[in-house]
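# Build the 3D model from these lines:
(chains A and B)
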Amino acid sequence: QKEVEQNSGPLSVPEGAIASLNCTYSDRGSQSFFWYRQYSGKSPELIMFIYSNGDKEDGRFTAQLNKASQYVSLLIRDSQPSDSATYLCAVASYNTDKLIFGTGTRLQVFP
Amino acid sequence: DTGVSQDPRHKITKRGQNVTFRCDPISEHNRLYWYRQTLGQGPEFLTYFQNEAQLEKSRLLSDRFSAERPKGSFSTLEIQRTEQGDSAMYLCASSSPDRGPEQYFGPGTRLTVT
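Numbering: from 1, shown residues only, chains lettered A, B, ... in the order given. Reported below is the predicted structural model:
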């Protein structure tokens, strides 16, 4: 079992819709959870992080964490074609700062 | 703050040659990380530093790889006797735990071993 799992996609949504990206992790000691966006050929760009159960909102983005289910998600409201990218989920354990990444989900937003 | 910078941005080398990459973190960030990313995969952790101390190194990292951060500012990653399997994007990130757990990535160095 991979430590951080994501559906590779592509996930296709129409412009203006809500995109829902999901991630599961295997280490119950995981403490911090991050979402990065990566455009083709570019480096990852931090969107937001979460470490408490529940929801955290930042503009059009909402991260949701459920530690009991070992599940974290990212919702993108009012999706735009410029949101088309690969979204990486990353997890940090309690005793280390290293990030364990999933393979990413490719999102396509069509006009 | 200026962002994380990496040099060079691209490197093409022949198998068996040594290469060295440089990373300059965001100023006042005392933690610096190296990751490697291949096509279709997420970044894979290699090693990280707090100031000049190397705190953790991936078990996947062969002894051909070495990293240093001698003065607690910039860092170098050296790969000796490169192999075709070393072809990847090498990413550097930095953070300041006093301000939060966020790691910010530089633009990366793309290595091609021919």
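
# Any idea what the closest residue to residue A:54 other than its chain neighbours is bridged to?
Nearest residue to residue A:54, sequence neighbours excluded (Cβ to Cβ, 6 or more residues apart in numbering or on different chains): residue A:65, at 6.6 Å. C-beta coordinates here come from the backbone N, C-alpha and C atoms, glycine included. Beta-bridge pairing for residue A:65 (DSSP bridges): residue A:54, residue A:72.

# show me the contacts for residue A:65.
Counting by Cβ atoms under 8 Å, 6 or more residues apart in numbering or on different chains, residue A:65 touches A:33, A:50, A:51, A:52, A:53, A:54, A:56, A:71, A:72.

# if we look at the helix or strand in which residue A:32 is found, which residues are touching it?
Take DSSP states H and E as the rule and residue A:32 turns out to sit in strand A:30-38. Residues outside strand A:30-38 that contact it (Cβ under 8 Å, 6+ apart): A:21, A:23, A:25, A:44-51, A:61, A:63, A:65, A:67, A:70, A:72, A:74, A:83, A:85-94, A:99, A:101, A:104, B:101-103, B:105.

# quick one, strands of chain A?
Under the criterion DSSP state E, strands of chain A are mapped to A:4-5, A:11-14, A:19-25, A:30-38, A:45-50, A:54-58, A:61-66, A:71-76, A:85-93, A:99-101, A:105-110.

# helices or strands up against the third one?
Spelled out, that is strand A:19-25. Applying 3 or more Cβ pairs under 8 Å, 6 or more residues apart in numbering or on different chains; DSSP states H and E, one finds that strand A:19-25 contacts strand A:4-5, strand A:11-14, strand A:30-38, strand A:71-76, strand A:85-93, strand A:105-110.

# can you tell which of those is closest to residue B:109?
In terms of Cβ to Cβ, the element of those nearest to residue B:109 is strand A:30-38, at 15.8 Å.

# mind saving the C-alpha coords of that closest one as CSV?
The C-alpha trace of strand A:30-38 is given here as CSV (Å, rounded to 0.1, in the frame of the first residue of the first chain):
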residue,chain,number,x,y,z
SER,A,30,0.6,12.0,10.2
GLN,A,31,0.2,15.5,11.6
SER,A,32,0.2,18.0,8.7
PHE,A,33,-1.5,17.8,5.3
PHE,A,34,-0.7,19.9,2.3
TRP,A,35,-2.1,20.6,-1.1
TYR,A,36,0.2,21.8,-3.9
ARG,A,37,-0.6,22.8,-7.5
GLN,A,38,1.8,21.9,-10.2
